[in-house]
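> Give the three-dimensional model of this entry:
(one chain, ligands or ions: 1)
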Amino acid sequence: MMLFVTGLPRVVTHSSKLRYVYPSCWQLRIACNNRRNVQGERRYSSHPGDVKSLRTIINPDISKIRNIGIMAHIDAGKTTTTERMLYYAGYTRALGDVDDGDTVTDFMAQERERGITIQSAAVTFDWKNHRINLIDTPGHVDFTVEVERSLRVLDGAVAVFDASAGVEAQTLTVWRQADEHRVPRICFLNKMDKPGASFCYSVDSIKKKLKVKPLLLQLPIGAGRTFTGVIDLVTSEKVIWGPKTSDGDGAVFNRHPLVTADGPNLLKEARDARYALIEQLNAAIRRITLSHAAVPVLCGSALKNKGVQLLMDAISMYLPSPNEGQHDFKQWYGDDLCALAFKVLHDKQRGPIVFVRIYSGSMKPQSAVYNINKNCMERMSRLLLPFADQQIEIPSLQAGNIALLVGLKQTATGDTIVSSKASAAVASQRAAKDSGKKCDQNREQENLVLAGVEIPEPVFFCTIEPPSLAKQADLDRALICLQREDPSLKVKIDPDSGQTILCGMGELHIDIIHDRIKREYKIETHLGPLQVAYRETISISASSADTLDRTVGSKRNLITAELSVRPWLGEGPVTKPLIEFSDVLQEQLSTEILDAVENGLNTSFLQGPLLNFPLQDVVVTLESLHVHPGTSMPMISACVSRCLQKALRRAGSQVLEPVMNLEITVDEDHLSVVLADLAQRRGSVQEIQSRQDNRVVLACVPLAEMMGYSTTLRTLASGMATFTLELSRYEAMTSQEQKMLFNKMTGVM
Ligand SMILES: Nc1nc2c(ncn2[C@@H]2O[C@H](COP(=O)(O)OP(=O)(O)OP(=O)(O)O)[C@@H](O)[C@H]2O)c(=O)[nH]1
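The predicted structure follows:
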């Protein structure tokens, strides 16, 4: 029997060595974030930077880097798994626990209190000669944009499953997102210790629901309470954790070779042959994983400290390094810097902190960089490596890594950063040469900008008010910072009341923003009632004409406009007006006038004629436009805007409401009461599936009926049910429902 000991906290002896490597200016420094102190002491084995030599921290071989996302359905155990990895890699002295609120990656106060992950935290650690940059992503559907944003900069991902549930609703969503970004994956069937955990059921659901070929690298030994370890099918070894070591942390475990040879020569021969075989096998598994032909499946229990080390091994062995991805722009930039800002966090002391993935070249602090999207030079003051809410200051960082930049004032999530405008110009010439044709300047610019994240339209909104008028400016500033961090948060001003409106992805999203304004910006705001973001559209074609004749001072403004509208029948939804001009008009009218027309139509589109909700799926054709010389452009915009409203009123306007896909997991005993409640919410049940001892209800239900559903469901099912909600589509309301909504909104009972 061999005894393996991994990940014991490392002995700290290196601080003097660090000074030796960079004697004059660079010392490894930990930059602490204030929030860390809110929840008490963090138990690191040492300062994370102290355990490694600075050279290995800043210069890992690119083939040894793994930029890995960890993704799953809510509560599958991503944070717990990440915590275990940090522990076994030697970065923490004790095991953080989500339920105790002392994890490293969930560092926002709300995350610890609620036990959920909201912001993706990037964590860097080394494991068996590999640098692992791990991004923990949120599982709650309100924060899907966070997941999407992270996926763009990843080379591979670990999908964590609750082994008692298999593939769940959000797993499917993130899996599809990972498919779009062609991210190779490994599956980790977590919670094998849980009653009801089933390896077979989970593997089956991976096959059926994710439509992929599972490549079983392990088999569990036992399940539920009897789960003790795994059989490593690659090495044919049993890997057993326990019986409990003195501290029960799972750092010590045993491997039992299945075959023993008699005699040292035979033993050596057998061992060599086995190694050769395993090498080939590993290479094959890796190839299959990278080509998306199959997905390796491992299992374990993060909470009970079983299986995580083997998962870390699998990440190093089977997931790709940064230089294995195909990115055109890498050849255009050569050794010049090209990086993508994938996240911005606002720090009270240091201002915006920008997370970037470096694709080519390298970065240095105290240097200027060029932001292609904003067309501006920016100065970076400090360069940091992320360790959740702690960061290590470093003198340079190479391609393939994830870094934190301090000092950038303009850069927002999704921007592309290069070394200079000249370097962007050279790259754009290479890009043009590559595509074999001369591109115009805009096209070249588009080529150089790395693809942006599509932000879904918010479905909820509410007014937000500061405690006094004097605090409005502070609130505006706080909202600007929060929006820079979170592009899925939208802020608008109501044109009629002048009130500030918050638009978000869900109840939880808005609740968290409200809470953050209070905690981080110390402003006690008042939120108005949460309202559903309805939309309006038209059902028939119509046309209208309008004349605006207004003399301002000595100037006469005279416009006559004629336009028609018709429903858009193509693929939707289209939330901007689709504008058509006749060829004659296009030739007659100046660009300035055409722009004024577009502005007027765009403004009018934001407020439909029925209940002032934005419009979708409408084609507008400008039939004629006569403008008296000297007429101002805003008057032209005002005239076409009014004319459009007239046409819309004649075109059978309709209110559309967001309809959600709802998935409820509930035990048999509470199924009927949950279904009865759903019927009262205008819900339509599509399917009821069995998942182990539970039932999974798949339904569609209008968002308006789902306010406060989590509290209701908790009461109805005595805490035995969970649900996820995701926007499915916008659907026309019946005239009866529309009337009720109209009465509600206008205060008529
Ligand atoms: N029985 C069991 N429970 C686990 C295991 N791993 C995590 N949990 C528990 O599952 C719950 C959710 O764990 P997290 O690690 O926060 O899950 P998550 O996927 O990060 O959750 P979100 O960030 O909210 O999406 C917590 O109560 C954990 O203690 C496991 O292996 N076995």
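
> Quick check, Thr722 in contact with Asp667.
No - if you go by C-beta atoms under 8 Å, Thr722 and Asp667 don't touch, sitting 10.8 Å apart. From N, CA and C alone the C-beta is placed, and that goes for glycine too.

> More neighbours: those two, which one.
Thr722 (20 against 14; other C-beta atoms under 10 Å).

> and the more buried one, what does it touch?
By C-beta atoms under 8 Å, 6 or more residues apart in numbering, the contact set of Thr722 is Asp75, Ile664, Thr665.

> what helix or strand does Arg729 sit in?
strand 721-732 (DSSP states H and E).

> Now that strand: buried residues?
Ala721, Thr722, Phe723, Thr724, Leu725, Glu726, Leu727, Tyr730 (16 or more other C-beta atoms under 10 Å).

> still on that earlier bit, okay, the contacts of Thr722 in CSV with secondary structure and pLDDT next?
Formatted as CSV, the contacts of Thr722 follow (DSSP: H, G, I helix; E, B strand; the rest coil; pLDDT from 0 to 100):
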residue, secondary structure, pLDDT
Asp75, coil, 84
Ile664, strand, 90
Thr665, strand, 87
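
> Compare the residues you listed and tell me which is most surrounded.
Most surrounded of those: other C-beta under 10 Å gives Ile664, at 28 neighbours.

> That one contacts Leu671, correct?
No - here Ile664 lies out of contact with Leu671, judged by C-beta under 8 Å, at a distance of 9.0 Å.

> Could you chop the chain up by domain?
62-318, 329-448, 460-532, 537-651, 656-746 (the TED database).

> mind putting the ones you listed in CSV, distance to the ligand included?
Shown next, in CSV, are the domains of the chain (distance: least, C-beta to the nearest ligand atom, whole Å):
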stretch, distance to the ligand
domain 62-318, 3
domain 329-448, 13
domain 460-532, 11
domain 537-651, 29
domain 656-746, 11
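
> re the thing from before, next, show the common contact partners of Ile664 and Leu671.
With C-beta under 8 Å, 6+ apart as the test, Ile664 and Leu671 both reach Val697.

> pLDDT of stretch 410-422, averaged?
Taken as a whole, stretch 410-422 has an average pLDDT of 85.

> buried set for it?
Thr411, Ala412, Thr413, Gly414, Asp415, Thr416, Ile417, Val418, Ser419.

> try stretch 705-712
Buried residues in stretch 705-712 (16+ other C-beta under 10 Å): Glu705, Met706, Tyr709.

> Kindly reformat the contacts of Thr722 as TSV containing distance to Leu563.
Shown next, in TSV, are these (distance: C-beta to C-beta, whole Å):
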residue	distance to Leu563
Asp75	52
Ile664	47
Thr665	51
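
> from these, which is closest to Asn305?
Of all these, Asp75 has the smallest distance to Asn305: 18.5 Å, by C-beta to C-beta.

> Helix, strand or coil: sort out the closest residue to Ile353 other than its chain neighbours for me.
Residue nearest to Ile353 in three dimensions, not counting chain neighbours: Leu345, with 4.8 Å by C-beta to C-beta, 6 or more residues apart in numbering. Secondary structure, DSSP: H, G, I helix; E, B strand; the rest coil: Leu345 is strand.

> How about Glu378?
strand.

> tell me the contacts of it?
Neighbours of Glu378 in contact, by C-beta under 8 Å, 6+ apart: Ala368, Val369, Tyr370, Asn371, Gly407, Leu408, Lys409, Gln410, Thr411, Ile417.

> can you pull the pLDDT of it?
pLDDT, Glu378: 93.

> beta partners of it?
Per DSSP bridges, the residues bridged to Glu378 are Val369.

> do the same with Cys187
Ala159, Val297.

> Report how many residues lie close to it.
Residues near Cys187, counting by other C-beta under 10 Å: 30.

> need the contact list for it.
Val158, Ala159, Phe161, Ile206, Pro214, Val295, Pro296, Val297, Leu298.

> Can you tell me how far the second one is from Met720?
Relative to Met720, Ala159 is positioned 26 Å away (criterion: C-beta to C-beta, to the nearest Å).

> which one of the two has more residues nearby?
Legend: neighbour count by other C-beta under 10 Å for Ala159 and Met720, higher for Ala159 (26 against 16).

> residue ranges of the helices in the stretch 301-450 of the chain, please?
With DSSP state H, counting those that start in this stretch applied, the stretch 301-450 of the chain shows helices at 308-318, 328-333, 421-435, 441-448, listed in chain order.

> Only alpha carbons, please: show the third one as PDB.
What follows is helix 421-435 as a C-alpha-only set of coordinates in PDB (Å, rounded to 0.1, in the frame of the first residue of the first chain):
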ATOM      1  CA  LYS A 421      -2.500  53.200 -31.600                       C
ATOM      2  CA  ALA A 422       0.400  52.400 -33.900                       C
ATOM      3  CA  SER A 423       0.400  48.800 -32.900                       C
ATOM      4  CA  ALA A 424      -3.300  48.600 -33.600                       C
ATOM      5  CA  ALA A 425      -2.700  50.100 -37.000                       C
ATOM      6  CA  VAL A 426       0.000  47.500 -37.800                       C
ATOM      7  CA  ALA A 427      -2.300  44.700 -36.700                       C
ATOM      8  CA  SER A 428      -5.200  46.100 -38.700                       C
ATOM      9  CA  GLN A 429      -2.900  46.100 -41.800                       C
ATOM     10  CA  ARG A 430      -2.100  42.400 -41.200                       C
ATOM     11  CA  ALA A 431      -5.800  41.700 -40.700                       C
ATOM     12  CA  ALA A 432      -6.700  43.300 -44.000                       C
ATOM     13  CA  LYS A 433      -3.900  41.500 -45.700                       C
ATOM     14  CA  ASP A 434      -5.100  38.200 -44.200                       C
ATOM     15  CA  SER A 435      -8.700  38.700 -45.400                       C
END
